[in-house]
Structures are given as structure tokens and as C-alpha cells.
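J.: Provide a 3D model corresponding to the input given below.
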Amino acid sequence: MKYLITGGAGFIGSHLINNIITKADKVIVLDNLLTGSKKNIEKFVKLDNFEFKSHDIQHHFEITEKVDYVIHLASCASPLAYTKFPINTLKSGSIGTINALGIARKFDSKFLLSSTSEIYGDPKVSPQREDYWGNVNPTGPRSMYDESKRFAEAATQAYVSEYDLNASIIRIFNTYGENMQLRDGRVVTNFIVQALNNNDITVYGNGQQTRSFSYIEDTINGLLLALNYPKSEIFNIGNDNEMSIKDLAALIIKLTNSDSKIIYKNLPVDDPMQRKPDLTKSKNILGYQPTVNIEIGLSRTIEWIKNNLNNMV
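T.: Model (predicted):
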């Protein structure tokens, strides 16, 4: 089997490659390295079945060899990145998705779109099921990311409807683990870096807003289950163990044995108050079941960050 992965040098992409590389006939990665890193894929570059192309999928990519799977991961997914690169974020979700879908259509490949729980916005229902339409501000400070993914989903569905493309969508909830960028504004990396340096841990709002954190191993397992599902579908992928941001900060302080104190700052505009996936559909149809609990996943992540603090990017 041959795979084409856009954004494959990123956090999720590098873990996906690590999972499939020994079984794949070939893995082709397209990445403009705007938020991805060659360091994430350096152990693959000498392999005969791996090929890296420095390319932004928002521009046409000509490929002649047939690929069996097209996995569209390319996107600025962290708050700092999509705020810094709003137009690129919009284009990767719109033009980039159309280009990736075009490749899948050309070869009748199975297509998988990596979407996000952000399409639910600041939800008015919890947990969030796949048939919930969401509560999104189309012009707010997060809109370039939210709306790029909402367009990407609409484009994917259009290719399913018009061209009968076999395409699935996964809505990934907060995922953490090794290979994350350490200065990208995500809450897990922020808190761990602050705790390891014994700095104050900055919590926005009163800390009672909730998230559901999925360790990367569980997210990749869900991605692969959706990729290999024979029909076009939409699945939530993540962990349904909901916890408050304040409790996350306290747990990280405990696991790092840190002297950090929690301080509180104003809540950003449109910051969702609650995030919890309804995994009923994924569990019943895919047999998906997250298995790594938060303490084990955080401990692994903390150890990796300890070893990479001097190489923060």
C-alpha cells in the first residue's frame, strides 16, 4: 500500500508514519515545514520506502504514481500558529483540501481528512456528537482555523456526493505527546514547560473550563481505524475523560514535582468552556477505545519534554 500524507512532518504525521512505515510499500510526505519539522522525520529519510517533498498542498502537486491512501493533515493547528499565519491556515483547509481530494479522486484512493473538535466551537451541548452542528463565530479570533476545517469537511462531503469518493473525516480532540512543538501555545506543553522551569503556570479564566485530552498513541489508533473503515463516515477521535484546566495544571505540578504556582489571567475571546467527545459512534462502528490514561500519557510527555527543553522551537 502506498500513502500520501500532507503535513506529515508535523506532530501527528510523524507518529502516523512511525506506525505504518514498516508495513507500507511507500510513504510520500508533503510538508512546507511551516509548523512541521524535519527532525520529526529524520529517522525515515534514508528508508527506501519513504519520500519527502518540500511542498505546500495549497499549490498544485503533480503525482504520477498511484497511491492507495491520501491523508490530509496539513494545517496550522496551534493557536500561535494559526494566529500568526491566518491566510495560510485558511488556504490549507480550502485550496489544500481541494488539491488533496483531487489526488484521491485521480487514483480512486481512500481519503481521510483530519478535522478537529474546534468545528463544534463553544458547544451548547455536551458531550459533542458527530451530528451536532456546533456554535462557531465565523469572524472571531479563532475563525481562520475553525472555518478552514468546516470548509474542509464540506469539500470532503461534496466529493463523496458528486464523485462517490471513499472519504472519511475524523474530528480530533485535544491530543498531546512526544514531538509537539514546545512554543505553540497549546495548554499541555505550556503547563509542562512552565512546571519544569518552576515558573508560574498561567491559567486563563477561572480554570473551570474543561477539555478531554487524548494521548497521541490513542489518536493514531483511531485515525488508522477510520482510514481502514470501508465506507465514508465522520468520527470523533479522542478521549472522553473530561477534566478542568485547573485540575490539569495541578496534575502537571504533581507529576513534575514542581514548585510552580497557578496564576490566573483573563479568558481569551471565544475560548470554549467545555469539550468532551461523544465516542459512542467510534466505539460501536470502529471498535475504537482509548487506553492510555492521563497520568501515564503526561508522564511520557514530561519525560520527552525534559530531554528537549534545550531545543525548544
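
J.: Show the low-confidence segments of the stretch 201-313 of the chain, by residue range.
T.: 312-313 (pLDDT under 70).

J.: now the strands: where do they sit in it?
T.: Taking DSSP state E, counting those that start in this stretch as the test, the strands found in the stretch 201-313 of the chain are 201-204, 210-212, 214-215, 234-237, 242-244, 262-265.

J.: Count residues in the vicinity of the closest residue to residue 291 other than its chain neighbours, would you?
T.: Using CB to CB, 6 or more residues apart in numbering and skipping residues adjacent in sequence, the residue nearest residue 291 is residue 218, 6.4 Å away. For every residue, glycine as well, the C-beta is placed using N, CA and C. Residue 218 has 21 neighbouring residues, counting by other CB atoms under 10 Å.

J.: next one: the one 5 residues further on
T.: Other residues near residue 223 number 25, with proximity taken as other CB under 10 Å.

J.: what sits against it?
T.: Residue 223 sits next to 12, 16, 71, 112, 114, 170, 172, 237 when contact means CB atoms under 8 Å, 6 or more residues apart in numbering.

J.: Skipping its backbone neighbours, what lies nearest the second one in space?
T.: If I follow you right, that is residue 16. Nearest to residue 16 is residue 220, by CB to CB, 6+ apart, at 5.7 Å.

J.: quick one, phi psi at residue 170?
T.: Note on residue 170: its backbone torsions stand at phi -110, psi 130 [degrees, to the nearest 10].

J.: What residues does the residue of the chain positioned farthest from its centre make contact with?
T.: Largest separation from the mean C-alpha position in the chain: residue 259, at 30.8 Å (CA atoms, centre = their mean). Taking CB under 8 Å, 6+ apart, we find residue 259 in contact with residue 198.

J.: Which residue, neighbours along the chain excluded, lies closest to residue 298?
T.: Using CB to CB, 6+ apart and skipping the chain neighbours, the partner closest in space to residue 298 is residue 255 (5.6 Å).

J.: What distance do you get for that neighbour to residue 186?
T.: Using CB to CB, to the nearest Å, residue 255 is found at 17 Å from residue 186.

J.: burial of residue 289, as a residue count?
T.: Neighbour tally, residue 289, other CB under 10 Å: 12.

J.: Next one: it from residue 33, what distance?
T.: Distance of residue 289 to residue 33, computed by CB to CB: 34 Å.

J.: got it, and residue 296?
T.: Separation of residue 296 from residue 33 (CB to CB) stands at 31 Å.

J.: How about residue 64?
T.: 24 Å.

J.: The helix or strand hosting residue 80: which residues count as buried?
T.: Assigned by DSSP states H and E, residue 80 falls within helix 79-84. Of all the residues in helix 79-84, those buried under the rule 16 or more other CB atoms under 10 Å are 79, 81, 82.

J.: who touches the helix or strand just after that helix?
T.: Going down the chain from helix 79-84, the next helix or strand is helix 86-93, by DSSP H and E. The contact list for helix 86-93, computed with CB under 8 Å, 6+ apart, reads 7, 34, 56-58, 74-76, 81-82, 144-145, 147-149, 151-152.

J.: switch the cut-off to 6 Å
T.: Residues from elsewhere that reach helix 86-93, judged by CB atoms under 6 Å, 6 or more residues apart in numbering: 58, 74, 75, 76, 82, 144, 145, 148, 149, 151, 152.

J.: again with stretch 105-115
T.: Applying CB under 6 Å, 6+ apart, the contact partners of stretch 105-115 are 66-73, 104, 149, 152-153, 156, 163, 165-169, 171, 227.

J.: try stretch 16-25
T.: 1, 2, 3, 27, 44, 49, 220.

J.: so who does the fifth one touch?
T.: Contacts were defined as CB under 6 Å, 6+ apart; by that measure residue 44 touches 17, 50.
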